[in-house]
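Peer 1: dropping the sequence and predicted coords here.
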2 protein chains.
Amino acid sequence: LSHFEKICLVCHATVEDPAMFDCPQCSGLLGFHYDYDQVDWDDRFANSMWRYWRLLPISDPSHIATLGEGGTPLLRSSLFAEHKIYLKDECRNPTGSHKDRALAVAINHAKIVGAPVSYVVSTGSTGISNAAFAARAGIQSVAIMTMGTPAERVYPMFALGSGILEVDDAIDFLIDEVIRICREKKLYLSSTSRGSNPYQSEGNKTIAFEVVESLGRAPDWMVITVGGGGTISGIWRGFKDLYALKRIASLPRLVGVVPRQYNALEVAFEQNLSSWDSVLKLPYTDLPSSVLIKLAHAYPPDGMEALIAVRESGGFFASVTDDEALVGLRRIGRCEGLYVEPSSSALLPVVDSMLASGKLKSNQTLVALISGSGFRETFCTKEKAPLKKRTLNIKELGAILS
Amino acid sequence: LSHFEKICLVCHATVEDPAMFDCPQCSGLLGFHYDYDQVDWDDRFANSMWRYWRLLPISDPSHIATLGEGGTPLLRSSLFAEHKIYLKDECRNPTGSHKDRALAVAINHAKIVGAPVSYVVSTGSTGISNAAFAARAGIQSVAIMTMGTPAERVYPMFALGSGILEVDDAIDFLIDEVIRICREKKLYLSSTSRGSNPYQSEGNKTIAFEVVESLGRAPDWMVITVGGGGTISGIWRGFKDLYALKRIASLPRLVGVVPRQYNALEVAFEQNLSSWDSVLKLPYTDLPSSVLIKLAHAYPPDGMEALIAVRESGGFFASVTDDEALVGLRRIGRCEGLYVEPSSSALLPVVDSMLASGKLKSNQTLVALISGSGFRETFCTKEKAPLKKRTLNIKELGAILS
């Protein structure tokens, strides 16, 4: 008997066909229900997200393709040493980002349904994770992107064996068109939105599971940068699983951090908008460039789920500027010893203001999600916040060092 | 009672002063002896190299500065799936390289002796590790390098808070001069050669300890790329510790892989040279440029130790070209799902030839050390082996995807 079933989130039909990504009856988005009676952690997978496979939609993990993803450290913050603030360091995943969790699930599902190729629309972390896990699983990978993506972003996907398709069109139209083509031709799409692939959505739950195992309880707050919305809503479902299983006594409040230029979710939260149509009426474009490129969605594809998760949790949204993220990057660097991407350091000013306003009480525990490594973004960051150095000759060196 | 003592490797004097880095009596290099009766693994540090602190020269690990270094996965090779070949994935360390192990020891020792600053001469992994661990420990870091180092290499050190000093002189002279200045002024030097700092040398032993815990025994072969020589000799000492402790029944043979342009150790091994003076007579210069920059030493500072380790083990040295390393990088990428630096993929052609020649028998186990991540070298690799992509318009996309 399977430990999960796939269900339509709209009409609640059960969907048996593992290859279906939307509801055959109403075209609704799909999700999963798990048999909570079968849940237990699998000690064969120490230090890996597969320890929690009974809450993931993969039936038998005995022969999974894995790079040892998950099991990342929860580090006590040294910057805020006097507070109970922790960093979940997702840079320690195989390709340096939390996206490895989603793609590990997607690619193993692709293997199960016999897909020969995994496609993604991505210029960033998803494309790299897709390439790595597809390579590990022995299937092909293809990354589809818009024209003019910097070679530094694309190269790792290429080196990991991905085919690279550069399309001369706008990104929003490209995403929709690729979903349409993949559905029509029954191609395996691993992009990280529920509409693209509901299986990958489940991977992010394991972040919640690991945080709880590290702390021995749920934190009071969890601060997460939000791009497409799938990460924060996945983490929320993870905490809700544990709450339903009575493995935690309380749920955390979630704080979603978005770029100031792309703050539709913050505005929607503050205006208490209750439908996605009303969010789509907010005036955003995909145009403004941002060092927070990975979080830059005018209308995040999993935005409604993210909005609901933050509301249910009793948390809030906040927005930050590029400059604040870049200042945060160097502060996390020199105070925590972590070299992170701007899309992770963006959460630092929000933690600051939670402390300043007293929203975070001194007896409360806060976990900040460090979602990705800085090493993949050096080419871009160094332009925005240039390095300072001192040039001297060797005779001067003896006088300088002290 | 301390679990270790520091001894001179030349005159065998015991050196009490923790701040001494060479023998006060004969200026000889220093090493460590451990009380094998006190050795046991410390389960407080699951999934971290500090599990093995009783074989490291740090007295009390209760308050160490740590980023959760070590505990990296040992992955079964999918490229050589029919053989017992494993990859020790050191990319999974905090800054993406095995150097984190050496610097974690050095920086914690720096804290113990109260050093306010940790200096290194480095343009690569060592500089980044030094910056990260110093930041974590709350001490300053400075990276000293030659002129013209690419900004992509330096930037992470800067972002992690390091002072950057660029000196207008040759690298060999610079290294010697920095050692001289640091000794004279009692400054803390964390460069990764025994002559610079004997404490850091011990960190690499933990790679051997983890390999043995993962496999349940020592491998028959271990293949390691060699730059300065400290990594391979440190790993060898780790295996010898376990052998003396009777935790393994046999020792592996070590294979040292060097760049063809910098193969002094290979030649010295083949000519059976027995003194470092005779190695120094071999005609090398530090001039030829190489994508294997991290392995590029005309005369590796810990070369004699490396030579002795490989000889004792019954292994050998081999050399590879830049082109072979770059081909290997893409092969490891698309077959293993790991995006590695050229200085790691350089070992792939050597594993190939061990299989082709029958040197590696089918019942034998081989571990290859994947020492560092590709993400920090993208800027350089993409110039040497450019990516291939296909550009198309969105109408063509539907016809292409299948």
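Peer 2: Happy to help now that I have it.

Peer 1: secondary structure element for the residue positioned nearest the centre of chain A, which one?
Peer 2: Nearest to the mean C-alpha position of chain A, by Cα atoms, centre = their mean, lies A:Thr231 at 4.1 Å. Taking DSSP states H and E as the criterion, A:Thr231 maps to helix A:230-244.

Peer 1: gap between that helix and the chain center?
Peer 2: Chain-centre distance of helix A:230-244: 13 Å, with Cα atoms, centre = their mean, to the nearest Å.

Peer 1: next, count neighbours for the closest residue to the residue nearest to the centre of chain A other than its chain neighbours.
Peer 2: Distances taken as Cβ to Cβ, 6 or more residues apart in numbering or on different chains put A:Asn204 closest to A:Thr231, at 5.1 Å, once the chain neighbours are dropped. C-beta coordinates here come from the backbone N, C-alpha and C atoms, glycine included. By other Cβ atoms under 10 Å in any protein chain shown, the residues close to A:Asn204 number 26.

Peer 1: may I have the phi/psi pair for A:Asn204?
Peer 2: Per-residue torsions, A:Asn204: phi -70, psi -20 (degrees, to the nearest 10).

Peer 1: now for it: which residues touch it?
Peer 2: Going by Cβ atoms under 8 Å, 6 or more residues apart in numbering or on different chains, A:Asn204 touches A:His98, A:Arg101, A:Ala102, A:Gly230, A:Thr231, A:Ser233, A:Gly234, A:Ile235, A:Arg237, A:Gly238.

Peer 1: next, format the residues you listed as TSV and append distance to A:Cys26.
Peer 2: Shown next, in TSV, are those (distance: Cβ to Cβ, whole Å):
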residue	distance to A:Cys26
A:His98	31
A:Arg101	29
A:Ala102	25
A:Gly230	21
A:Thr231	26
A:Ser233	21
A:Gly234	23
A:Ile235	27
A:Arg237	21
A:Gly238	27
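
Peer 1: would you write out the PyMOL command that picks the buried residues out of these?
Peer 2: Remark: buried members of these, expressed as a PyMOL selection using 16 or more other Cβ atoms under 10 Å in any protein chain shown:
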select buried, chain A and resi 98+101+102+230+231+233+234+235+237+238
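
Peer 1: now the helices for the stretch 101-250 of chain A?
Peer 2: A:125-137, A:151-159, A:171-185, A:198-201, A:205-215, A:230-244 (DSSP state H, counting those that start in this stretch).

Peer 1: okay, these, which one's buried deepest?
Peer 2: Burial of the helices of the stretch 101-250 of chain A is given as mean neighbour count (mean count of other Cβ atoms under 10 Å in any protein chain shown); helix A:125-137 ranks first at a mean of 30.

Peer 1: tell me how far that one is from the chain's mean position?
Peer 2: That offset, for helix A:125-137, works out to 15 Å (Cα atoms, centre = their mean).

Peer 1: and that helix, what does it pack against?
Peer 2: helix A:99-112, strand A:117-121, strand A:140-146, helix A:151-159, helix B:322-336 (3 or more Cβ pairs under 8 Å, 6 or more residues apart in numbering or on different chains; DSSP states H and E).

Peer 1: to A:Pro73, which of those lies closest?
Peer 2: Closest to A:Pro73 of the helices and strands packed on helix A:125-137, according to Cβ to Cβ: helix A:99-112, at 14.9 Å.

Peer 1: quick one: mean pLDDT over the closest one.
Peer 2: The pLDDT scores in helix A:99-112 average 98.

Peer 1: any bit of it sitting next to chain B?
Peer 2: No: using Cβ under 8 Å from any Cβ of the partner chain, helix A:99-112 stays clear of chain B, coming no nearer than 9.4 Å.

Peer 1: can you give the distance from that helix to the centre of its chain?
Peer 2: Relative to the chain's own centre, helix A:99-112 is displaced by 14 Å; criterion: Cα atoms, centre = their mean.

Peer 1: which other helices and strands contact it?
Peer 2: strand A:117-121, helix A:125-137, helix A:198-201.

Peer 1: okay if I get those as JSON lines plus mean pLDDT?
Peer 2: JSON lines is the format used below for those (pLDDT from 0 to 100):
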{"stretch": "strand A:117-121", "mean pLDDT": "97"}
{"stretch": "helix A:125-137", "mean pLDDT": "98"}
{"stretch": "helix A:198-201", "mean pLDDT": "98"}
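
Peer 1: can I get those in TSV with distance to B:Asp89?
Peer 2: Compiled in TSV, these are given as follows (distance: least, Cβ to Cβ, whole Å):
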stretch	distance to B:Asp89
strand A:117-121	22
helix A:125-137	12
helix A:198-201	23
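
Peer 1: so which of those gets nearest A:Leu87?
Peer 2: helix A:125-137 (18.0 Å).

Peer 1: list the residues that contact the residue of the stretch 201-350 of chain A found nearest chain B.
Peer 2: Distances between the stretch 201-350 of chain A and chain B by Cβ to the nearest Cβ are smallest at A:Arg334, namely 2.8 Å. Counting by Cβ under 8 Å, 6+ apart, A:Arg334 makes contact with B:Ala135, B:Ala159, B:Leu160, B:Gly161.

Peer 1: flag every residue of the stretch 1-150 of chain A that's near chain B.
Peer 2: Counting by Cβ under 8 Å from any Cβ, the stretch 1-150 of chain A comes close to chain B at A:46-47, A:65, A:67-68, A:71, A:73, A:75, A:78, A:89, A:91-92, A:94-96, A:119, A:128, A:131-138, A:142, A:144, A:147.

Peer 1: out of those residues, which end up buried?
Peer 2: A:65, A:67-68, A:71, A:73, A:75, A:78, A:89, A:91-92, A:94-96, A:119, A:128, A:131-137, A:142, A:144.

Peer 1: what are the ranges of the strands in the stretch 251-400 of chain A?
Peer 2: Ranges of strands in the stretch 251-400 of chain A, per DSSP state E, counting those that start in this stretch, are A:253-259, A:316-320, A:365-370, A:390-392.

Peer 1: need these in TSV with mean pLDDT, can you?
Peer 2: What follows is these, written out as TSV (pLDDT from 0 to 100):
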stretch	mean pLDDT
strand A:253-259	98
strand A:316-320	98
strand A:365-370	98
strand A:390-392	94
